[in-house]
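# build me a structure from this.
(one chain, ligands or ions: 1)
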Amino acid sequence: MINTENNFNSPLYVDTLYQGINSFQWQELFDIVEKKGFSAKRHALFTGQKINQSENRAVLHTALRNLSGSPVLVDDQDIMPAIQSVWRQIEQCCNKFVGITDIIHIGIGGSDFGPRLVCDALWTDDSLTKTPVNVHFLSNIDSADLARTLARAKPQSTRVIIVSKTFTTLETMQNAQSVIKWLTEAKLTKTQISNLLYAVTANTSEALTFGVKDENILPFWDWVGGRFSVWSAVGLPIALKFGFEAFKKFLAGAHAMDQHFLNAPIEQNQPIALALTLFRNQLKRGSKAQAIIPYAQSLNLFPTWLQQLEMESNGKTHGLDQKPVEISSVCIFGSAGTNSQHSYFQMLHQGTQVVPVDFIAVKAPLSDLPCAQEHHRQLIANCLAQSQALAKGFQHPTDQNQSYSGHRPNTLIWLDKLDAYNLGALMALYEHRTFCLGVLYGVNSFDQPGVELGKKLAKPIDQALANPADAELLEVFDDITKSRIQWFNQP
Ligand code: F6P
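Below you'll find the model as predicted:
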């Protein structure tokens with residue numbers, strides 16, 4: 001599917017021609033979507049019904065970018081005034097943070113990947129006036145991440161934003177405490193520290209208890225999933241770095257994709273096409289993984305963001321009906337082309353597994369250097385060549401090692417240029433793909449119970465590591481974990 005005349009208001013072009021699907025097969029796929037109750041489920045998503053059944057929550061990241069002015073109801077209450085009030089808070093922060101040298105954004109998972117990706121991706125957009133502030137993303141509990149961040153920031157002119165939906169996440173709270181200690185050691189008073197501390201959270205009371213001032217808390221709500229939260233105040237650093245207008249453009253691009261997803265006929269609907277092609281490759285080709293290859297250095301973090309979005313949403317063994325599902329999330333991996341060509345493309349071309357690929361390419365060059373056109377032409381030539389090689393292959397008359405099977409399905413997504421608007425659309429495209437895949441698999445895409453067990457088990461292990469002399473603490477573990485703890489605790 002590549003339709004440049006009528007894209008049904010999508011800012012992007014999705015070309016599935018190398019998926020090798022004929023019109024009869026497409027129709028079969030569209031029938032499957034309809035049989036899964038897709039239209040009713042999409043309606044439920046946009047109208048605030050509690051489709052996250054296990055947590056009894058609505059799923060309304062689309063409301064965060066609803067620039068239409070129309071109300072969105074949750075439990076009969078219009079949530080748009082609360083969202084608009086946070087937009088004003090974000091704009092105020094942009095006006096207030098003048099003269100600030102550093103922003104330390106502390107968060108992990110959905111409270112990190114989205115804003116980190118966008119801040120990295122938009123640095124090549126020359127139409128944006130970038131503020132001189134340095135934005136540092138601090139996520140890992142590994143103190144090496146903390147050390148690197150603190151070495152780069154000036155305590156006197158730093159603002160710290162603690163970003164956590166729950167405000168209880170171990171890594172984020174530990175890093176926040178350590179950053180506050182660093183500020184204290186730099187001789188900032190309690191009042192100074194409390195003035196520079198901000199929180200973005202759905203747990204306001206916990207942020208207040210932590211010591212963040214009421215007026216420095218930017219709320220979001222339980223109907224925003226962490227991995228869908230970049231459109232909320234979680235995206236504050238985007239506005240701080242590139243301006244509030246750029247943030248609004250980012251929302252506008254996503255809103256345009258929402259409208260496309262809602263209104264385009266199923267045969268022209270881009271998120272549905274992406275979901276169906278992957279689903280088909282899982283069923284027909286036994287694909288267990290998918291490579292996402294942006295031919296744009298600025299989108300190098302895109303596959304990392306998508307990994308959480310897709311795998312945390314759809315990596316599930318059981319469906320909404322508690323029954324085992326046949327298939328669910330593939331393993332998502334990827335990195336920027338052309339670098340990725342010199343890494344795992346051998347396996348994509350000749351490996352025994354069929355790994356479908358989504359290529360993402362940008363029409364306009366991503367720098368203004370005099371040589372940019374020449375570089376860009378070669379970049380795009382490589383993207384198109386890889387796509388063709390995977391699909392068409394090559395048969396050597398005598399040497400199997402020089403032969404390529406072809407019939408390796410891949411899709412090409414074109415952006416006219418990489419700006420805030422198109423990036424918003426691209427991320428929303430994949431959010432909706434994740435939703436469509438969840439419908440096809442029959443899973444709840446909006447909870448993540450599978451991440452809890454490891455977190456729970458880390459607590460007694462941490463206690464045993466902290467108290468090596470207390471042999472009783474070891475009794476609760478299996479022999480393997482026990483011997484590992486003992487090894488670590490040896491002087
Ligand atoms: O990895 C589990 C998870 O709950 C993610 O879903 C979430 O994005 C991340 O942790 C961070 O959570 P929070 O924003 O509550 O700190």
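
# how many residues are close by E34?
Neighbour count of E34, defined by other Cβ atoms under 10 Å: 11. The way it works is simple: take the backbone N, C-alpha and C, and place the C-beta from them, glycine included.

# equivalent analysis for the one 5 residues further on, please.
Taking other Cβ under 10 Å as the criterion, the count of residues near S39 is 11.

# kindly report the same for Q25.
By other Cβ under 10 Å, 14 other residues sit near Q25.

# and if you look at L415?
22.

# surely it and V362 touch.
Yes: using Cβ atoms under 8 Å, L415 makes contact with V362 at a distance of 4.7 Å.

# ok, Y13 touching W414?
Yes: counting by Cβ under 8 Å, Y13 does reach W414; the two are 4.1 Å apart.

# ok, now which ones touch A252?
For A252, the contact set (Cβ atoms under 8 Å, 6 or more residues apart in numbering) comprises 65, 67, 421, 424.

# which one of those is nearest T47?
Nearest to T47 out of the contacts of A252 is R65 (Cβ to Cβ; 15.8 Å).

# and the residue in the stretch 201-350 of the chain that the ligand sits nearest to, what's its pLDDT?
Residue nearest to the ligand within the stretch 201-350 of the chain (Cβ to the nearest ligand atom): G226, separated by 2.8 Å. For G226, the pLDDT comes out at 98.

# distance of it relative to V163?
Note on G226: its distance to V163, by Cβ to Cβ, to the nearest Å, is 10 Å.

# try L306
Separation of L306 from V163 (Cβ to Cβ): 20 Å.

# the more surrounded of these two?
V163 (32 against 24).

# how about the helix or strand where H432 lies and the ligand, touching?
Here H432, judged by DSSP states H and E, is contained in helix 420-441. No: counting by Cβ under 6 Å from any ligand atom, the ligand is not contacted by helix 420-441; separation bottoms out at 13.3 Å.

# let me see the mean pLDDT of that helix.
Helix 420-441 carries an average pLDDT of 98.

# ok, then the element right after it?
Helix 420-441 is succeeded, C-terminally, by helix 452-466 (DSSP H and E).

# can you give the distance of that next one from its chain's centre?
Put simply, helix 452-466 sits 27 Å off its chain's centre (Cα atoms, centre = their mean, to the nearest Å).

# now that helix: average pLDDT?
Computed over helix 452-466, the average pLDDT equals 97.

# what does stretch 112-119 give?
For stretch 112-119, the per-residue pLDDT averages 98.

# for the chain, which residues are neighbours of the ligand?
Residues of the chain found near the ligand (Cβ under 6 Å from any ligand atom) are 108-111, 164-166, 169, 172, 226-227, 312, 448, 451.

# among those residues, who's most crowded?
Neighbour counts for these (other Cβ under 10 Å) peak at S111, which has 30 neighbours.

# mind listing what the closest residue to that one other than its chain neighbours touches?
Using Cβ to Cβ, 6 or more residues apart in numbering and skipping the chain neighbours, the partner closest in space to S111 is V163 (4.2 Å). Residues counted as contacts of V163 (Cβ under 8 Å, 6+ apart) are 105-107, 111-112, 115, 172, 199-201, 234, 236.

# could you say which helix or strand holds the residue nearest the centre of the chain?
Taking Cα atoms, centre = their mean, the centroid of the chain lies closest to W305, which sits 3.2 Å from it. Element membership for W305, per DSSP H and E: helix 302-307.
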